[in-house]
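>>> I'd like to go over a predicted model; first the sequence, then the structure.
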Amino acid sequence: MIKTKLYIKCANYNFKSLFKQLGYSYFDKGLYNLNIIGVRSNNNNSVTNLFDDILVVIYNDPDKGLVRKLYNITTEPGVYYVCKKLLNPKGAAILVPGQYRGCWQLGLHRGKYTALCQKKNVKVYRDCNLDKHFDLDPKTIQSGLFGINIHRASENKVNESVDAHSAGCQVFNNIKDFEEFIEICKKQKALYGNNFTYTLINEKDLTDE
């Protein structure tokens, strides 16, 4: 785990208070009622091609009480699908920040391994000019089923660069972190069914408390 300034802030931040300000739901009732939060790092919308965002998972554990897990991820597509090869003529998909209630379920990513797979509409920006800058133009926003899954990069190593591992998905760089996350998700599914909420926010939303 790369402990960046963003990691340190996420490790202690009061997300419950922030969610209240934003009008989002925060889950603090029951065991394994997961708050799955993506925090997109502030890089002036540059295509860093790095796993420099943070996934935060907060929940109640029967033995440990309140648990907070942090993982390195990317919330943006890699340089391959932004600058070299567009999968969609309208542009690369970049998930729009917001809270997406019940929009994911445990399933098979590309039919290969268990991941959180999109099952309801989400919103994405479309960036089509093949430069190293994410164009987050509200006029390009589309809503739909785009296969914006939460999955891992390689199956046998920790990745430093995103490259072609994400075309808009939320992607872990470390398979062990990802497997731990999926096991936690399975515990939620056993209690509440196969519905998962994901909330994406920007680093700038983490104002001083």
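Happy to help now that I have it. Numbers count the residues shown, from 1 in each chain.

>>> so, low pLDDT: which residues of this structure?
1-2, 209 (pLDDT under 70).

>>> which residue ranges of this structure form helices?
Using DSSP state H, the helices found in the chain span residues 5-12, 15-22, 79, 175-192.

>>> kindly reformat these as CSV containing distance to G102 and mean neighbour count.
For glycine as for every other residue, the C-beta is placed from the backbone atoms N, C-alpha and C. Shown next, in CSV, are those (distance: least, C-beta to C-beta, whole Å; neighbours: other C-beta atoms under 10 Å):
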stretch, distance to G102, mean neighbour count
helix 5-12, 24, 14
helix 15-22, 16, 15
helix 79, 32, 16
helix 175-192, 10, 16
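
>>> in JSON lines: those, plus distance to C128.
Formatted as JSON lines, these follow (distance: least, C-beta to C-beta, whole Å):
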{"stretch": "helix 5-12", "distance to C128": "28"}
{"stretch": "helix 15-22", "distance to C128": "29"}
{"stretch": "helix 79", "distance to C128": "15"}
{"stretch": "helix 175-192", "distance to C128": "30"}
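
>>> the spatially closest residue to Q118 that is not a sequence neighbour: neighbour count?
Once flanking residues are discounted, Q118 sits nearest to I148: 4.8 Å by C-beta to C-beta, 6 or more residues apart in numbering. Burial measure for I148: 25 neighbouring residues, criterion other C-beta atoms under 10 Å.

>>> and stretch 3-16, end to end?
22 Å (C-alpha to C-alpha, to the nearest Å).

>>> what does it contact?
1, 26, 28, 35, 37, 39, 41, 52-54, 56, 58, 68, 70, 72, 203, 206, 209 (C-beta atoms under 8 Å, 6 or more residues apart in numbering).

>>> pull out the buried members of the residues you listed.
26, 35, 37, 39, 41, 52-54, 56, 58, 70, 72, 203, 206 (16 or more other C-beta atoms under 10 Å).
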